[in-house]
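**Student:** I would like the atomic coordinates for the input below:
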Amino acid sequence: MMSDSKVNSPVEFSAGDIYRQETPTEKFARKSKQDPFVPIGIAGLVVSLGYGAYAYRSRRGMSTSIYLMRLRVIAQTAVVGAMICGVGYSLVSSTLKKDE
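**Tutor:** Residues are numbered from 1 along each chain as shown. Here you go, the predicted model:
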């Protein structure tokens, strides 16, 4: 049995239980099923940073620090927008489950 300081659930494990380490790909797939908007936020971040790297060449006299601050705001907006959509989705789905 595991100590209560690590796990607060009443689950007991026998000595014969075999544990397998989860690979990063399996963990990402499992987390994507639990929270589908996290990969969307990551994709939005990657796309905005890719666009920023491409557009950096044609910044036309804008200083690098100002350009990078604007790029940071765009990237954060993509991630926060995905988080807001995820929270809204969770609220709607939990409300619909309560109604059933």
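**Student:** Would you map the helices across this structure?
**Tutor:** Taking DSSP state H, the helices of the chain run over residues 24-34, 37-55, 64-99.
**Student:** tell me which strands and helices the longest one is in contact with?
**Tutor:** Yep, that's helix 64-99 we're talking about. Secondary-structure packing of helix 64-99 (3 or more Cβ pairs under 8 Å, 6 or more residues apart in numbering; DSSP states H and E): helix 37-55. All C-beta atoms are positioned from the backbone trio N, CA, C, and that covers glycine.
**Student:** separation between the residue minimising distance to the centre of the chain and Glu22?
**Tutor:** In the chain, the centroid-proximal residue (Cα atoms, centre = their mean) is Val38; its distance is 3.0 Å. Val38 sits 16 Å away from Glu22, going by Cβ to Cβ, to the nearest Å.
**Student:** now this protein, which segments are flagged as low pLDDT?
**Tutor:** The chain contains residues with pLDDT under 70 at 1-17, 100.
**Student:** still on that earlier bit, from memory the residue nearest to the centre of the chain sits against Lys31, does it?
**Tutor:** Yes: counting by Cβ atoms under 8 Å, Lys31 is a contact partner of Val38 at 6.5 Å.
**Student:** ok, the closest residue to Tyr89 other than its chain neighbours - contacts?
**Tutor:** Leaving aside its sequence neighbours, Tyr89 sits nearest to Phe37 (Cβ to Cβ, 6 or more residues apart in numbering; 6.7 Å). Contacts here follow Cβ atoms under 8 Å, 6 or more residues apart in numbering; on that basis Phe37 touches 82-83, 85-86, 89.
**Student:** Please dump these into CSV; it should also carry neighbour count for every row.
**Tutor:** Output for the contacts of Phe37, formatted as CSV (neighbours: other Cβ atoms under 10 Å):
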residue, neighbour count
Ala82, 20
Met83, 15
Cys85, 14
Gly86, 16
Tyr89, 13
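**Student:** List just the nearest of those to Glu26.
**Tutor:** Gly86 (21.3 Å; Cβ to Cβ).
**Student:** Which residues are in contact with that closest one?
**Tutor:** 35-38, 40-41.
**Student:** Nothing else from me, thank you.
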